[in-house]
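**Student:** Quick one, what's the 3D model for this:
(chains A and B)
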Amino acid sequence: NAGVTQTPKFQVLKTGQSMTLQCAQDMNHEYMSWYRQDPGMGLRLIHYSVGAGITDQGEVPNGYNVSRSTTEDFPLRLLSAAPSQTSVYFCASTSLGREQFFGPGTRLTVL
Amino acid sequence: AQSVSQHNHHVILSEAASLELGCNYSYGGTVNLFWYVQYPGQHLQLLLKYFSGDPLVKGIKGFEAEFIKSKFSFNLRKPSVQWSDTAEYFCAVNEGTGGFKTIFGAGTRLFVKA
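**Tutor:** So this is what the prediction gives:
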């Protein structure tokens, strides 16, 4: 099992550009989520999904979109990147009664 | 809405000192509680978790945590820290009855002096 994989590992964008962060898991977990990690603020939930076709907003959803067309994949889209979105992004998956399993993260810089 | 508070943002200890990191949550219902650790340059890994049963939970690497329901607390402890425990520690909570949405605290950065 590869667990949770994320691509890319690093990305630099200019303000206004769009991009998609990829996340995939091979553990057949129903639940997937995206977090951003900023110094002193811990992990903040951006969006989450409880199954294919079902997504919902977390604590800080503005500026991000998600979709869940399959159980395995949960991409995060930045529609128009802003410097405030410079962060480290983690994707995670879990199933009922389990802990979160995290991907290796994507370090995003928006200039 | 759920929230998680970690009392200490930075802790510096010498090797062999005892560790206690505080965590309080705000949610009135049944909860699942977690402590995760993030070593420098790595992603989060589970240290221990509490779902039900004995409120004193033992995890990996000699860590333990105690769930005190009346205080809405889930403090992390280790009797004797090592230099290799230098990391950031996160407390997290989700709803116990079928809940998946997990909320994290702001983290405590621990530095252990050799």
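**Student:** Run a quick neighbour tally on residue 22.
**Tutor:** Defaulting to chain A. Per other C-beta atoms under 10 Å in any protein chain shown, the neighbour tally for residue A:22 reads 15. Using the backbone N, CA and C atoms, a C-beta is placed for each residue, glycine as well.
**Student:** wrong one, chain B
**Tutor:** Using other C-beta under 10 Å, residue B:22 has 15 other residues around it.
**Student:** Need the phi and psi values for it.
**Tutor:** Backbone geometry at residue B:22, expressed as degrees, to the nearest 10, gives phi -90, psi 150.
**Student:** how close does the residue lying closest to residue B:100 once chain neighbours are set aside sit to residue A:24?
**Tutor:** In this structure, residue B:100 finds its nearest non-sequential neighbour in residue A:31, 4.0 Å apart by C-beta to C-beta, 6 or more residues apart in numbering or on different chains. To residue A:24, residue A:31 is 14 Å away according to C-beta to C-beta, to the nearest Å.
**Student:** Show me which of the two is the more surrounded one.
**Tutor:** A direct count of neighbours by other C-beta under 10 Å for residue A:31 and residue A:24 places residue A:31 higher, at 23 against 20.
**Student:** Show me what the more buried one bridges to in the sheet.
**Tutor:** Using DSSP bridges, the bridge partners assigned to residue A:31 are residue A:94.
**Student:** what does chain B put close to chain A?
**Tutor:** B:4, B:6, B:9, B:34, B:36, B:42-46, B:49, B:51, B:90, B:92, B:98, B:100-107 (C-beta under 8 Å from any C-beta of the partner chain).
**Student:** which among the residues you listed end up buried?
**Tutor:** Among the residues of chain B next to chain A, the ones that count as buried by 16 or more other C-beta atoms under 10 Å in any protein chain shown are B:4, B:6, B:34, B:36, B:43-44, B:46, B:49, B:90, B:92, B:100-107.
**Student:** In strands, which of these fall?
**Tutor:** Assigned to strands by DSSP state E, the following of these qualify: B:4, B:6, B:34, B:36, B:46, B:49, B:90, B:92, B:102-104.
**Student:** Next, format those as TSV and append distance to residue A:18.
**Tutor:** Converted to TSV, those look like this (distance: C-beta to C-beta, whole Å):
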residue	distance to residue A:18
B:4	32
B:6	34
B:34	34
B:36	31
B:46	34
B:49	37
B:90	30
B:92	30
B:102	28
B:103	28
B:104	27
